[in-house]
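In: My questions are about this predicted structure, shown below with the sequence.
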Amino acid sequence: MPELPEVETARILARRVAVGRRIARVWCADDPIVFGGLTSLRFRRALSGSRVRGVGRHGKHLWLELDRRPWPCFHFGMTGGFSTPRARGVKLISSGDRDPGDGWPPRFTKLRLVFDDGGELVMTDARRLGRIRLRMDPRAEPPISELGFDALLGLLPPARFSAMLADRGAPVKALLLDQSFAAGVGNWIADEVLYQARIAPRRPARSLTPAEARRLRARLRSVVHAAVAARADSDRYPRSWLFHHRWGRDAAAVTARGEKIRHDTIGGRTTAWVPAIQR
DNA sequence: CTCAGTGTTCAGTG
DNA sequence: TCACTGAACACTGA
């Protein structure tokens, strides 16, 4: 489920396993789509023997900071994620779509890094919409340089946030999904934020009142913070969230308070919203 | 068998 | 050129 909270959780997982270690061995799947044409040889040469200094993230993009360049950059698409081996007596930790399997390495492994202390980090991606790239300076180069503010760490001050809405005619839902506006917001976060801010998803962004713009920003912040604090474990999201009731395009779906949920396509994506509450 | 899907990109439109 | 829309991408699992 890779929106910002899942990617941030993957960053923390990678940090724990990789930072301070040397990459002893690299295995790459033969997958020219996910690797964007990079050869396995090129990739292995870039990483092998280097030491991991840190793990960076902006929006849904993630990268390892090594003691030499270029650095590997990851985007999880719809179904990608990081996994680590089952530690002794410890539950398998996965940030992927769902448990990629009991085996090791897991099904759909695209990249496997083995560290000098025996630890491992694997990226899996069942549907191959994820990408692995090499960049000399990830923040300064596309696609990361094209992103807008990070929805966790870079939220714009209220005045600038409102100003950004003012000249956009797109439905506010579509604007929230625009990564060059708010990096890290995905489909369910956009719907959750609009529900909690009580704003109808088709409203043109520029039609929001100042009070609505403030609510939108405040809810964006609180939803992203709460999901990250829960380590993207949706069982721990508040029961009042639309999240728990929005899946499946079920015509009979209702919120925890019994409000009818409607499903429309907006900005090309399935949008769950509550007409009784959102105006 | 059909279809939806947590994301991004690009061609086409006005 | 800009803003925006919708299809395409690739594949699994319901």
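Out: Nice, I can see it.
In: any idea which helix or strand carries the residue lying closest to residue A:270 once chain neighbours are set aside?
Out: With C-beta to C-beta, 6 or more residues apart in numbering as the measure, residue A:263 is the residue that lies nearest to residue A:270, at 5.9 Å, once sequence neighbours are left out. Every residue, glycine included, has its C-beta placed from N, CA and C. Of the helices and strands defined by DSSP states H and E, residue A:263 is found in strand A:262-266.
In: What residues of that strand count as buried?
Out: Neighbour-count burial for strand A:262-266, counted by 16 or more other C-beta atoms under 10 Å, picks out A:262-263, A:266.
In: can you narrow the residues you listed to ones near DNA strand B?
Out: Among the buried residues of strand A:262-266, the residues lying close to DNA strand B (C-beta under 7 Å from any atom of the strand) are residue A:263.
In: residues from the stretch 1-150 of chain A in reach of DNA strand B?
Out: Close to DNA strand B, as judged by C-beta under 7 Å from any atom of the strand, the stretch 1-150 of chain A has residues A:1-3, A:6, A:59-60, A:75, A:77-79, A:97-98, A:127, A:129, A:143.
In: go again using 10 Å as the cut-off
Out: Proximity of the stretch 1-150 of chain A to DNA strand B, by C-beta under 10 Å from any atom of the strand, involves residues A:1-7, A:59-61, A:75-81, A:95-98, A:126-131, A:133, A:142-144, A:146-147.
In: low pLDDT regions in chain A?
Out: A:1, A:87-102 (pLDDT under 70).
In: Let me see the domain layout of it.
Out: With domains defined by automatic domain parsing, chain A comprises A:4-146, A:149-273.
In: closest one to residue A:279 among those domains?
Out: For residue A:279, the closest of the domains of chain A is domain A:149-273, at 5.6 Å, according to C-beta to C-beta.
In: about what we covered before: the strand holding residue A:263 and DNA strand C, are they touching?
Out: Yes. With C-beta under 10 Å from any atom of the strand as the criterion, DNA strand C is reached by strand A:262-266 at A:265-266.
In: ok so residue A:215 is a strand residue?
Out: No. The assignment for residue A:215 is helix, going by DSSP: H, G, I helix; E, B strand; the rest coil, so no strand is present there.
In: Any idea how many residues pack against it?
Out: Each residue near residue A:215 was counted by other C-beta atoms under 10 Å, and the total is 18.
In: Enumerate every residue touching it.
Out: Residues near residue A:215 by C-beta atoms under 8 Å, 6 or more residues apart in numbering: A:197-199.
In: can you put these in a markdown table and add secondary structure?
Out: Below are those laid out as a markdown table (three-state DSSP):
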| residue | secondary structure |
| --- | --- |
| A:197 | helix |
| A:198 | coil |
| A:199 | coil |
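In: Could you tell me which of the residues you listed count as buried?
Out: Judged by neighbour count, with 16+ other C-beta under 10 Å as the criterion, the buried members of the contacts of residue A:215 are A:197, A:199.
In: re earlier: how close does the residue nearest to residue A:270 sit to residue A:111?
Out: Here the distance between residue A:263 and residue A:111 works out to 36 Å (C-beta to C-beta, to the nearest Å).
In: Could you do residue A:22 as well?
Out: Between residue A:22 and residue A:111 the distance, using C-beta to C-beta, works out to 17 Å.
In: Check residue A:7 too.
Out: Relative to residue A:111, residue A:7 is positioned 16 Å away (criterion: C-beta to C-beta).
In: ok, the two, which is more surrounded?
Out: Between residue A:7 and residue A:111, counting by other C-beta under 10 Å, residue A:7 is the more crowded of the two (28 against 24).
In: ok, the nearest residue to that one once chain neighbours are set aside - contacts?
Out: Spatially, and ignoring its direct neighbours in sequence, residue A:7 is nearest to residue A:60 (5.0 Å; C-beta to C-beta, 6+ apart). If a contact means C-beta under 8 Å, 6+ apart, then residue A:60 has A:2-4, A:7, A:75-76, A:179, A:183-184, A:186 as its contacts.
In: start to end distance for stretch A:132-152?
Out: Counting by C-alpha to C-alpha, to the nearest Å, the length from the leading to the trailing residue of stretch A:132-152 is 23 Å.
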